Structure formats: structure tokens, C-alpha cells
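Engineer: requesting a structural model of the entry that follows:
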Amino acid sequence: MILSTHQPYFCPYPGFFFKAMESDIFVLLDSVQFPRGTTWISRNRFKNDQGTLWLTIPVYKKGLGLQRIDRVRICYDGNWTGKHRESIRVAYGRSPYLEEHWPLMDRVFSGNYETLVELNLEVIGYVAHLLGVRAEILRLSELEIHTRGTALILEICRTLGADRYLTQASAAKYLDTSLFEKAGIVLESFQPPSPVYPQLWGDFIPNLSVLDLLFNCGPKSREILLRASKTRPLPPAGTGIGPA
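Structural biologist: Below is the predicted model:
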């Protein structure tokens with residue numbers, strides 16, 4: 001059984017969902033430490049007539065010290081929800097599938113989510129369903145596992161009965177491969193596919209939020225993502241770490 005993990009990003013890039021597609025179980029690391037600096041958990045890239053459009057979800061940090069991701073609360077001071085909604089509307093108003101997905105934007109920028117992870121899970125669940133992700137999606141906070149680093153990953157695999165762990169090649173170097181070998185768990189790595197597809201506003205920008213793909217390509221999004229993955233195949237079982 002293949003297991004993979006990922007932090008619960010805000011409106012993740014397509015490769016996030018490809019990893020889930022290649023897994024039997026996909027665990028969202030929602031109870032690890034929230035990064036102190038900028039992070040994909042609270043912001044992501046879209047596209048408008050000026051090029052890259054960054055959207056950030058403001059959160060409470062000051063005076064709170066180290067926080068778990070699932071305890072980070074959204075700050076609703078100001079009118080950023082309305083501004084973000086309008087930014088999406090202006091940037092993607094000519095996209096053929098914006099209206100189909102606009103109810104999601106209304107929910108995301110409704111101001112009804114107390115925590116950041118609740119908002120992110122709304123988007124992740126919505127997109128996973130549209131892309132046909134069949135993996136069981138779990139939250140680390142549901143598993144009562146509190147170790148760190150390689151030990152955390154191994155304990156997740158043991159708890160859920162996984163014998164293969166899938167990770168991005170860029171992250172594999174941070175894992176102790178000898179511990180996986182001792183545990184009898186095959187460590188596999190891959191390069192996330194970066195699909196190319198029709199976009200508005202000039203030259204193509206890769207690895208934007210998956211919503212850019214959905215707004216522009218709608219029901220073809222899954223096919224586009226899987227087609228891109230064929231140029232970056234997974235290593236066969238048992239081969240260990242793949243090329244970076």
C-alpha cells in the first residue's frame with residue numbers, strides 16, 4: 001500500500017493532487033509546526049494581466065509563538081475577503097470555467113472559517129473530488145502521532161499499514177533512508193508533473209494554483225495532469241530513491 005503526506009497548502013499546485021492520485025492513503029500534516037516565515041500554507045500564486053498574482057490569507061501570529069498548523073486562526077480585519085474575490089473575478093473573468101467554480105470562491109472568501117486549515121481543506125476536498133482522487137485523505141491530527149522528522153513518517157506508515165512511502169525527490173534528501181530499510185518500507189521518489197495548458201494573459205506560467213488549471217480547462221484538467229505525468233514516471237517498486 002502506497003502512502004504519501006503533504007502539508008495542507010492553500011489552493012495547492014497541480015503536483016499536490018498528482019501525488020494524492022498515486023497514493024492509496026494521503027495524509028495531511030495538519031498538526032506539525034506552522035512555519036514562521038512565508039509559506040504555501042497561507043498563500044499561493046494565480047495569474048492576471050500583470051503576470052503572477054499572489055493571494056495571501058492573513059492569520060494571527062504575533063505573540064502566539066510556535067503554533068500547530070491546525071490551530072492557526074484566520075484574521076478577518078479589513079476587507080481582504082472582498083478584495084481577493086474581486087481579484088479572482090478580474091483575473092479570470094474571461095476563463096471558460098470560472099462561473100462553474102465560482103460557488104467555491106464564494107465559500108472560500110465568505111469569512112465563515114475560523115482556522116486556516118478549515119479553509120484549505122474546503123479547497124483540497126473540492127479539487128480532489130473533481131480530479132477523481134481515490135486515495136483516502138486523512139489528517140495527522142486524527143492519528144495521535146507526535147514524533148518528528150523521519151520517525152514521524154515511519155510511524156504514520158506503521159499505523160496505517162503502508163509498505164511504500166511516496167515523496168517528492170526534493171524532499172527525499174531530508175529523510176533517513178536507512179531507517180526505512182530497517183522498517184521494511186520502500187521509499188520512492190518522483191518529480192511532480194508540471195502540466196502545460198491554455199492560460200489567459202500572455203506567456204505560460206507553470207505551477208500556479210490548481211484553480212488556474214480548473215478555471216481554464218474545466219473537465220479536461222484531470223486528463224491534462226495525467227498526460228503531463230507520463231513524461232516523469234515513478235520508479236518501479238523496490239528501487240528506492242529516484243533521481244533528484
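
Engineer: the longest helix seen in the chain - what's its average pLDDT?
Structural biologist: The single longest helix within the chain, with elements called by DSSP state H, is helix 116-130. The average pLDDT for helix 116-130 rounds to 98.

Engineer: what helices or strands is it leaning on?
Structural biologist: For helix 116-130, the packing partners by 3 or more Cβ pairs under 8 Å, 6 or more residues apart in numbering; DSSP states H and E come out as helix 14-21, helix 98-108, strand 136-139, helix 210-217. Any C-beta I mention is one placed from the backbone N, CA and C, and that applies to glycine too.

Engineer: so, low pLDDT: which residues of the chain?
Structural biologist: For the chain, the stretches with pLDDT under 70 are 231-244.

Engineer: what number of residues lie near the residue lying closest to R71 once chain neighbours are set aside?
Structural biologist: Leaving aside its sequence neighbours, R71 sits nearest to T115 (Cβ to Cβ, 6 or more residues apart in numbering; 7.0 Å). By other Cβ atoms under 10 Å, the residues close to T115 number 16.

Engineer: how far away is N79 from S42?
Structural biologist: 18 Å (Cβ to Cβ, to the nearest Å).

Engineer: same deal with G149?
Structural biologist: As judged by Cβ to Cβ, G149 and S42 stand 23 Å apart.

Engineer: looking at those two, which has the bigger crowd around it?
Structural biologist: More neighbours surround S42 than the other of G149 and S42, with 22 against 11 (other Cβ under 10 Å).

Engineer: list the contacts of the residue nearest to that one when sequence neighbours are not counted.
Structural biologist: Distances taken as Cβ to Cβ, 6+ apart place I57 nearest to S42, at 4.8 Å, with adjacent residues excluded. When contacts are counted by Cβ atoms under 8 Å, 6 or more residues apart in numbering, I57 is found next to F10, S42, R43, I74, L116, L119.

Engineer: most neighbours, which of those residues?
Structural biologist: Neighbour tally across the contacts of I57 (other Cβ under 10 Å): the maximum, 26 neighbours, falls on L116.

Engineer: burial count for R164?
Structural biologist: Neighbourhood size, R164 [other Cβ under 10 Å]: 18.

Engineer: was I right to think it contacts M1?
Structural biologist: Yes - contact criterion Cβ atoms under 8 Å: R164 and M1 qualify, at 6.8 Å.

Engineer: return the set of buried residues in the longest helix of the chain.
Structural biologist: By 16 or more other Cβ atoms under 10 Å, the buried positions in helix 116-130 come out as L116, V117, L119, N120, L121, E122, V123, I124, Y126, V127, A128, L130.

Engineer: relative to helix 98-108, how tilted is that helix?
Structural biologist: Helix 116-130 and helix 98-108 meet at an angle of 150 degrees, taking axes from the mean of the first three to the mean of the last three Cα atoms, to 10 degrees as the criterion.

Engineer: can you list contacts of helix 116-130?
Structural biologist: 8-12, 17, 20, 28, 30, 41-42, 57, 59, 69-70, 72-74, 104, 107-108, 113, 137, 210-211, 214, 221-222.

Engineer: now the residues you listed: which count as buried?
Structural biologist: For the contacts of helix 116-130, a neighbour count by 16+ other Cβ under 10 Å gives the buried set as 8-12, 17, 20, 28, 30, 41-42, 57, 59, 69-70, 72-74, 104, 108, 113, 210-211, 214, 221-222.

Engineer: please enumerate the strands of this protein.
Structural biologist: Taking DSSP state E to define them, one finds strands in the chain at 2-6, 25-28, 43-48, 51-56, 136-139, 164-168, 186-190.
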